[in-house]
Every structure is written in structure tokens, then in C-alpha cells.
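Trainee: Build the 3D model from these lines:
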Amino acid sequence: MGDQTLVHQALEEVLFMLDEMKDEHEGLRDFARLNLSEPTLRDVNESIALYDRRVRLLLDTKAALEALINDGFPNLNPREIMPAELAELADQQATITAALKKFASNAAVGITLAPGATEPKPPLNG
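Mentor: Numbers count the residues shown, from 1 in each chain. Predicted coordinates:
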């Protein structure tokens, strides 16, 4: 359920950003229709291009998030198959489980230390 909440929150954020950008985007397009000098018009058109790109990305994200929600995210229900197919998969699982028992890890699982004989220390001056 947490994942579903995150998807819905992301969708709300995308919708919020699209709404927030709408007036700014429209205002930039209004500027582009005015009698502006070439450098100013170029800057306005570059800003419009940035907004166009961002809106496209947000719309693509919105579509992807909606597709996830409509697909039942985060749940991915088990696929229903014929009983004979399920039996075949269960048989394969049994043979894989049996074969897995023939392998073991070679990693150390414990260590035992025992004290050995003491060694004399050499003299400090020597």
C-alpha cells in the first residue's frame, strides 16, 4: 500500500506542477506575439522551448503513473494457468529443490581458537 501511496503522491505532484506552469507558459507565448527586439524574442522563445520540454516530460510521467495505477500497481496478481501446467511447474520446483540439496557453501561458519604454548619475549635491550 505504501508504494501505491507514493505513486498517487507523485501523480498529484505532477498535476500540481503542470497547473503551476500553465500561466507562466501561456505568458511566455503571449510575449512571443508582441513586437519585441530580436534578442528579446530569442530569449523568450528559448524559455518557451524549456517549458515545452518540461511539460512534455511531465505529461509523459503523468501517463506512466496513470498506467501504473490502472494496472493495479503495486499488486501483480498470480497468473492463472491450466492445472496441468501448474503441476508441471510444481514438479520442476521439486527437482530444483532436490538438486539444490547437493550444494553447500564453503564459507566458514565458525572459528574456534585454542591457546597454544607461550613464547618467551626477547630482552628489551637486545
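
Trainee: what are the ranges of the helices in this structure?
Mentor: Along the chain, counting by DSSP state H, helices occupy 2-32, 38-70, 83-100.

Trainee: Tell me how far the second one lies from the chain's centre.
Mentor: When distances are taken as CA atoms, centre = their mean, to the nearest Å, helix 38-70 is centred 22 Å away from the chain's centroid.

Trainee: by contact count, what packs against that helix?
Mentor: When contacts are defined as 3 or more CB pairs under 8 Å, 6 or more residues apart in numbering; DSSP states H and E, helix 38-70 packs onto helix 2-32. For the C-beta atoms, the positions are set from N, CA and C on the backbone; glycine is no exception.

Trainee: Now the helix it packs on: average pLDDT?
Mentor: Averaging pLDDT along helix 2-32 yields 93.

Trainee: for stretch 78-85, same thing?
Mentor: For stretch 78-85, mean pLDDT rounds to 94.

Trainee: still on that earlier bit, mean neighbour count and distance to residue 116 added to the helices of the chain, as JSON lines?
Mentor: Converted to JSON lines, these look like this (neighbours: other CB atoms under 10 Å; distance: least, CB to CB, whole Å):
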{"stretch": "helix 2-32", "mean neighbour count": "13", "distance to residue 116": "55"}
{"stretch": "helix 38-70", "mean neighbour count": "13", "distance to residue 116": "63"}
{"stretch": "helix 83-100", "mean neighbour count": "10", "distance to residue 116": "40"}
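
Trainee: I'd like those laid out as TSV, including distance to residue 77.
Mentor: Shown next, in TSV, are those (distance: least, CB to CB, whole Å):
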stretch	distance to residue 77
helix 2-32	14
helix 38-70	14
helix 83-100	15
